[in-house]
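> fold the following, please.
(3 chains)
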Amino acid sequence: MPEGHTLHRLARHLTAAFAGRSVSVTSPQGRFSESAAQLDGDVLVGAEAWGKQLFVELAGDRFIHIHLGLIGKLDLHTYVDQVPPPVGQVRLRLVGESVYADLRGASACDLWTASQRDAVVAAAGPDPLREDGDPGRAWDRIRRSRLPIGALLMDQSVLAGVGNVYRAELLFRAGMHPLRPGNTLRSGQWQALWDDLVPLMTEGVRTGRIDTVRPEHTPEAMGRAPRVDDHGGEVYVYRRHGQPCLVCGRRVSIEALRARNSYWCSRCQPVFRSRAVG
DNA sequence: CTCACATGTTAAG
DNA sequence: TTAACCTGTGAGC
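Got it, this is the predicted structure:
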């Protein structure tokens, strides 16, 4: 679940459910107990995301810093009378008047000061989901790097919030091979990637899914049988290795890029040849 | 039942 | 480069 859109969606829901009221903060599992005790009953100011980092602000410039990692989940539920007992390992539980939230499996849940938060935000790349996201900051890194664009897009210090699904899908939509070196891109190509990412991820925040297939390429439009991706969204290449490309029919390729599987279509995303003549 | 793997990151070797 | 961490799910026996 957790690429940047998931965290922004959570920030929005947390703010709507808890902001401006006092919240009960506990750690049924125990690993956040000490911090929870310091926050319990205080006013929750709001929640905000930067890339994959989530910050829940409590009165007094205190921030619960959450990173879901690969498998973490933060689930919001409504309750009527009593809050049900925790199921499984609940690292953090927030309880408001009619809503509670349970955090499980996160790779980070810590109590931070404002300056700790600021330091992490300063080290992160621009976030396409934020109003203040500045693509020029990412471009400064990309244009100087010989690393593949597929690696740069997932480097959170270059660009914040993009994960393995958006990487694969963005590059497919751009017709760009994941191994193309960053310093071979033209500025307009980077701008086009950013301009595609903003509405794509914004839609992800709205729906809670990653859908990247253009209307003209849906199975229906292409006269093929409808299909369902097991990860909730309609995508071109992510985890579709060995299956036919939705556009050209060639088998989708897979290769590990920096310990993460990278997926692409070798016909729609041809290998880049630098300034090849002829 | 066990095992591999997952939309992520960090630290050890 | 590899292992570790945290949890859930689906495939296979």
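> quick one: residue A:27 and residue A:92 touch, right?
Yes. Counting by CB atoms under 8 Å, residue A:92 is a contact partner of residue A:27 at 5.7 Å. In this view, the C-beta of every residue, glycine as well, is placed from N, C-alpha and C.
> residues that sit against both of the two, list them.
residue A:36 (CB atoms under 8 Å, 6 or more residues apart in numbering).
> which one's more surrounded, those two?
Neighbours were counted for residue A:27 and for residue A:92 using other CB atoms under 10 Å; residue A:92 has more, 25 against 20.
> excluding chain neighbours, what is closest to the more buried one?
residue A:103 (4.0 Å; CB to CB, 6 or more residues apart in numbering).
> would you mind listing what in chain A touches DNA strand B?
Residues of chain A lying close to DNA strand B by CB under 7 Å from any atom of the strand are A:1-3, A:6, A:51-52, A:67, A:69-71, A:107, A:154, A:156, A:163-165, A:210, A:231-233, A:239, A:259-261.
> buried ones among these?
A:1-3, A:6, A:51-52, A:67, A:154, A:156, A:163-165, A:210, A:233, A:239 (16 or more other CB atoms under 10 Å).
> and which of those residues is nearest residue A:85?
residue A:1 (24.2 Å; CB to CB).
> what's the neighbour count on residue A:262?
That count, for residue A:262 with other CB under 10 Å as the rule, works out to 24.
> surely it touches residue A:168?
Yes. Residue A:262 lies in contact with residue A:168 (CB under 8 Å); the separation is 6.6 Å.
> report pLDDT for the closest residue to DNA strand B within chain A.
Ranked by CB to the nearest atom of the strand, the top residue of chain A for proximity to DNA strand B is residue A:163, at 2.0 Å. The model reports residue A:163 with a pLDDT of 96.
> wait, it sits on residue A:153?
No. Residue A:163 is beyond contact range of residue A:153, at 9.2 Å (criterion: CB under 8 Å).
> could you pull out the strands for the stretch 1-150 of chain A?
Applying DSSP state E, counting those that start in this stretch to the stretch 1-150 of chain A gives strands spanning A:21-22, A:24-26, A:43-50, A:53-58, A:62-67, A:73-78, A:92-95, A:99-104, A:108-113.
> out of the ones you listed, which one sits most buried?
Most buried of those by mean neighbour count (mean count of other CB atoms under 10 Å) is strand A:53-58; its value is a mean of 24.
> do you know how far residue A:130 is from DNA strand C?
Per CB to the nearest atom of the strand, to the nearest Å, residue A:130 is found 26 Å from DNA strand C.
> ramachandran angles for that residue?
Per-residue torsions, residue A:130: phi -110, psi 140 (degrees, to the nearest 10).
> by mean pLDDT, flag the weakest helix or strand of chain A.
strand A:253-257 (a mean of 90; mean pLDDT, DSSP states H and E).
> got the CA coordinates for the helix or strand hosting residue A:204 in PDB?
Assessed by DSSP states H and E, residue A:204 sits inside helix A:187-207. Presented in PDB, the C-alpha positions along helix A:187-207 are these (Å, rounded to 0.1, in the frame of the first residue of the first chain):
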ATOM      1  CA  SER A 187      14.900  19.200 -19.000                       C
ATOM      2  CA  GLY A 188      11.600  19.000 -20.900                       C
ATOM      3  CA  GLN A 189      11.600  15.300 -20.400                       C
ATOM      4  CA  TRP A 190      11.900  15.700 -16.600                       C
ATOM      5  CA  GLN A 191       9.300  18.300 -16.600                       C
ATOM      6  CA  ALA A 192       7.000  16.000 -18.500                       C
ATOM      7  CA  LEU A 193       7.600  13.200 -16.000                       C
ATOM      8  CA  TRP A 194       6.800  15.600 -13.100                       C
ATOM      9  CA  ASP A 195       3.700  16.900 -14.800                       C
ATOM     10  CA  ASP A 196       2.400  13.400 -15.300                       C
ATOM     11  CA  LEU A 197       3.200  12.400 -11.700                       C
ATOM     12  CA  VAL A 198       1.200  15.300 -10.100                       C
ATOM     13  CA  PRO A 199      -2.200  14.400 -11.400                       C
ATOM     14  CA  LEU A 200      -1.500  10.600 -11.300                       C
ATOM     15  CA  MET A 201      -0.600  10.700  -7.600                       C
ATOM     16  CA  THR A 202      -3.300  13.200  -6.800                       C
ATOM     17  CA  GLU A 203      -5.800  10.700  -8.200                       C
ATOM     18  CA  GLY A 204      -4.100   8.100  -6.000                       C
ATOM     19  CA  VAL A 205      -4.800  10.200  -2.900                       C
ATOM     20  CA  ARG A 206      -8.400  10.500  -3.900                       C
ATOM     21  CA  THR A 207      -9.100   6.900  -4.600                       C
END
